[in-house]
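Asker: Just to be clear, the model below is a prediction. Sequence and coordinates:
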Amino acid sequence: MATNKATKRNKLNVKKGDTVRIITGKDRGKEGKVRRTIPETERVVVEKLNLMKKAMRPTQQNPQGGISTMEAPLHASNVMLVCPSCKAATRVGHRINDAGKKVRVCKKCGKDID
């Protein structure tokens with residue numbers, strides 16, 4: 001089902017370590033840190049949220065096997081970045097700062113996120 005997206009560069013508005021709020025789904029309203037981003041499929045893994053159970057076969061590392069709980073990826077459109085200064089879930093804008101670097105900007109309070 002995956003298509004060849006070699007020509008399109010997928011850029012996410014959230015980065016690893018950002019605090020995000022889930023805006024839809026079973027965990028709506030909960031906040032957590034982004035553990036990992038997957039730009040190829042536009043997905044993010046949020047710490048301790050969107051948990052799923054997975055049946056594990058016995059291996060040398062896990063001789064018992066059994067059912068383990070792990071975090072499943074969410075689509076990036078289902079999360080909103082929480083601004084560190086105003087603590088509100090916000091959309092992300094971009095601007096060039098004085099040093100010529102592109103920085104993320106909170107659309108609600110106007111302060112830099114990076």
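Answerer: Thanks, I have it. Given the structure is predicted, the values throughout are model-derived calculations rather than measurements.

Asker: Strands along the protein, start to end?
Answerer: Along the chain, counting by DSSP state E, strands occupy 19-22, 31-38, 43-46, 51-56, 66-71, 74-75, 79-82, 89-90, 92-96, 102-106.

Asker: tell me the angle of the fifth one relative to strand 51-56?
Answerer: Using axes from the mean of the first three to the mean of the last three Cα atoms, to 10 degrees, the direction of strand 66-71 lies 150 degrees away from that of strand 51-56.

Asker: for strand 66-71, packing partners?
Answerer: Applying 3 or more Cβ pairs under 8 Å, 6 or more residues apart in numbering; DSSP states H and E, we find strand 66-71 packed against strand 51-56. C-beta here means a position set from N, CA and C on the backbone, and glycine is covered the same way.

Asker: Report the strands that pair with the strand it packs on, each with its relative direction.
Answerer: Applying DSSP bridges, strand 51-56 is found paired with strand 66-71 (antiparallel).

Asker: could you check the angle strand 31-38 makes with the partner strand?
Answerer: Strand 66-71 and strand 31-38 are oriented at 100 degrees to each other (the same axes, to 10 degrees).

Asker: List the buried residues of strand 66-71.
Answerer: The neighbour-count check on strand 66-71 (16 or more other Cβ atoms under 10 Å) flags Glu71 as buried.

Asker: need the contact list for the spatially most central residue of the chain.
Answerer: Nearest to the mean C-alpha position of the chain, counting by Cα atoms, centre = their mean, stands Val44 at 3.5 Å. Counting by Cβ atoms under 8 Å, 6 or more residues apart in numbering, Val44 touches Leu12, Val14, Val20, Val34, Arg36, Thr37, Ile38, Pro73, Leu74, Ala76, Val79.
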